[in-house]
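Peer 1: next come a sequence and a model predicted from it.
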Amino acid sequence: MERPNIVVILSDEHTGSAAGWAGHPQIQTPQLDRLAAQSVSFDRAYTNSPMCVPSRLSLMTGRYVHQIGAWDNGVIPGPDFRSWGHHLHDYQTVIAGRTHFNGPDRLLGFDRRLTDDLDFWIDHSGRPPRRTAEWRRPTNSHVTEYGAGEHVHTRHDVEATDAALDFLRDPGEEPYLLYVGYMHPHFPLIAPPEFRDLYDPADVELPPAPSEDQHPVISLLRQGFRNDEPITEEQAREATTCYWALISHLDHQIGRLLAAVPDDTVVIYISDHGEMAGHHGIWQKQCFYEPAVHIPFLLRHPALHPARTTAPVSLIDVLPTLRAIAGLAPDPTLPGTNLLGPVPTDRPILSEYHAQGMINAGYMLKSGPWKYCYYGPTDPPQLFDLDADPLELHDLAGRRPDMVAGLDAALRAILDPDQTNDRAQAEQAARAN
């Protein structure tokens, strides 16, 4: 059987609702909208960790964060790390752009790189984050550094597209898996002027103000990332506008790339996690509210009819799907699902967080309309019914102990949350020495 070529496009911090095909009334994404019209759109797709390196290592291995010890952004993959490149060994596997791999090994099983991460995003120290109540990010520049202008992230993304296009002009005879990684729309929110000019801050509908009685874990998270420092309505509108502009620039680069990709090529578009953009008073991610964990997921395959589905999926499903596309037998050790086949509608989705801003681990289990967040034995859980409460304003944990008990049991069927927290903290402590 002839093996199709594959292009996987990964953006950084693109929340799943922030696109035209996803129903956003203002954000202009004509290229991704066109891809969505040719694809299966997984409208309930989630990250397995709302943080860059953990989510990406989970994606690349097809395994949960706790299975591979990818606790935080300082983790350096060890020699037993098995990426898509190791699995698809009959393909030429090629990287262009952002991967956020740490350490000296810049391939991690892939055959070659066309362009690399920006130097300042590569951690060679392996040191873990400081997870204490006193930790605070130096500034809140992730929201206050915004505006129209030139930025190295933009140049990185243009160069990644250029390099990928050079490869596609003469890819050779072997089938290929081309991974293209983009920085946008990751902060700082410095947008190319022509894309910033697409939007008017007056059109921004700001999210509700955060509750004065926030969950203690969320309150500490906001404090750690300086999201408790007030910003003006004008700042919030301009920051949001620039986030939209970065998405449109990303869309433009993807359009350039797809113009060179034949119609019979499999294309996957995903993001590593989302962006809170002021919801619940939070910018960045690092929590389990929908804007942080809900991601875009498009799969174009010649054998699949374009459709939209609410089947629950996550980043760990990408590797089983790639193996199926490549004609490989299922790997029973992988916890994910091959998305070329039927996806169980009742499967739970796990996301976890083990880094700065939370002293103990946080876990999300999404099952049907219900979202359960567990923060250890000393902090109360959260429970949301997303069908009735899509903005997650009403925590039902105290009113639905039956649902909490059932979802907690489902979480513990996947892992022991407290034991996993102890292991994460012990391994982080060892890396600090």
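Peer 2: Thanks, I have the structure now. Residues are numbered from 1 along each chain as shown.
Peer 1: which of the helices or strands spans residue 405?
Peer 2: Residue 405 is part of helix 401-414, with elements assigned from DSSP states H and E.
Peer 1: mind saving the C-alpha coords of that helix as CSV?
Peer 2: C-alpha atoms of helix 401-414 as CSV (Å, rounded to 0.1, in the frame of the first residue of the first chain):
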residue,chain,number,x,y,z
PRO,A,401,-20.7,14.9,45.4
ASP,A,402,-22.0,12.0,43.4
MET,A,403,-20.5,13.4,40.2
VAL,A,404,-17.2,14.3,42.0
ALA,A,405,-17.0,10.7,43.4
GLY,A,406,-17.5,9.2,40.0
LEU,A,407,-15.1,11.4,38.1
ASP,A,408,-12.5,11.0,40.9
ALA,A,409,-12.7,7.2,40.5
ALA,A,410,-12.3,7.6,36.8
LEU,A,411,-9.2,9.8,37.3
ARG,A,412,-7.7,7.2,39.7
ALA,A,413,-8.3,4.5,37.1
ILE,A,414,-5.7,6.3,35.0
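Peer 1: isn't residue 30 right up against residue 255?
Peer 2: Yes. If you go by Cβ atoms under 8 Å, residue 30 and residue 255 touch, sitting 7.4 Å apart. All C-beta atoms are positioned from the backbone trio N, CA, C, and that covers glycine.
Peer 1: who's more crowded, the two?
Peer 2: A count of neighbours by other Cβ atoms under 10 Å puts residue 255 above the other of residue 30 and residue 255, at 16 against 13.
Peer 1: any idea which element the more buried one lies in?
Peer 2: With DSSP H and E as the criterion, residue 255 is inside helix 233-258.
Peer 1: around residue 126, count how many other residues there are.
Peer 2: Residues near residue 126, counting by other Cβ under 10 Å, number 12.
Peer 1: which helices and strands does the helix holding residue 255 pack with?
Peer 2: strand 6-11, helix 30-37, helix 141-144, strand 146-148, helix 152-169, strand 189-191, helix 193-196 (3 or more Cβ pairs under 8 Å, 6 or more residues apart in numbering; DSSP states H and E).
Peer 1: pLDDT of that helix, averaged?
Peer 2: When pLDDT is averaged over helix 233-258, the result is 98.
Peer 1: and that helix, what's buried?
Peer 2: 235-255, 257-258 (16 or more other Cβ atoms under 10 Å).
Peer 1: picking that back up, for the helix holding residue 405, buried residues please.
Peer 2: So, applying 16+ other Cβ under 10 Å, buried residues of helix 401-414: 403, 404, 407, 408, 411, 414.
Peer 1: one more: stretch 421-433?
Peer 2: Judged by neighbour count (16+ other Cβ under 10 Å), stretch 421-433 contains these buried residues: 421, 423, 424, 425, 427, 428, 431.
Peer 1: from those, which is closest to residue 99?
Peer 2: Nearest to residue 99 among these, counting by Cβ to Cβ, is residue 431 at 20.7 Å.
Peer 1: quick check: closest non-adjacent residue to that closest one.
Peer 2: residue 128 (4.9 Å; Cβ to Cβ, 6 or more residues apart in numbering).
Peer 1: over to residue 311?
Peer 2: Closest residue to residue 311 apart from its sequence neighbours, by Cβ to Cβ, 6+ apart: residue 343 at 3.9 Å.
Peer 1: from memory the one you found sits against residue 313, does it?
Peer 2: Yes. Using Cβ under 8 Å, residue 343 is in contact with residue 313, at 6.3 Å.
Peer 1: what touches both of those two?
Peer 2: residue 337 (Cβ atoms under 8 Å, 6 or more residues apart in numbering).
Peer 1: more crowded one of the two?
Peer 2: For residue 343 versus residue 313, neighbours defined as other Cβ under 10 Å are more numerous around residue 313 (26 against 17).
Peer 1: all the helices of the stretch 51-200 of the chain, residue numbers only.
Peer 2: 52-61, 65-68, 84-87, 141-144, 152-169, 193-196 (DSSP state H, counting those that start in this stretch).
Peer 1: what packs against the third one?
Peer 2: This means helix 84-87. With contacts taken as 3+ Cβ pairs under 8 Å, 6+ apart, helix 84-87 sits against strand 176-181, helix 318-325.
Peer 1: want to throw the ones you listed into JSON lines with distance to residue 100 and mean pLDDT?
Peer 2: JSON lines is the format used below for these (distance: least, Cβ to Cβ, whole Å; pLDDT from 0 to 100):
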{"stretch": "strand 176-181", "distance to residue 100": "8", "mean pLDDT": "98"}
{"stretch": "helix 318-325", "distance to residue 100": "16", "mean pLDDT": "98"}
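Peer 1: enumerate the positions of stretch 88-105 that are buried.
Peer 2: Going by neighbour count (16+ other Cβ under 10 Å), the buried part of stretch 88-105 is 88, 91-103.
Peer 1: what's the closest of the residues you listed to residue 71?
Peer 2: Of the buried residues of stretch 88-105, the one sitting nearest to residue 71 (Cβ to Cβ) turns out to be residue 102, at 12.3 Å.
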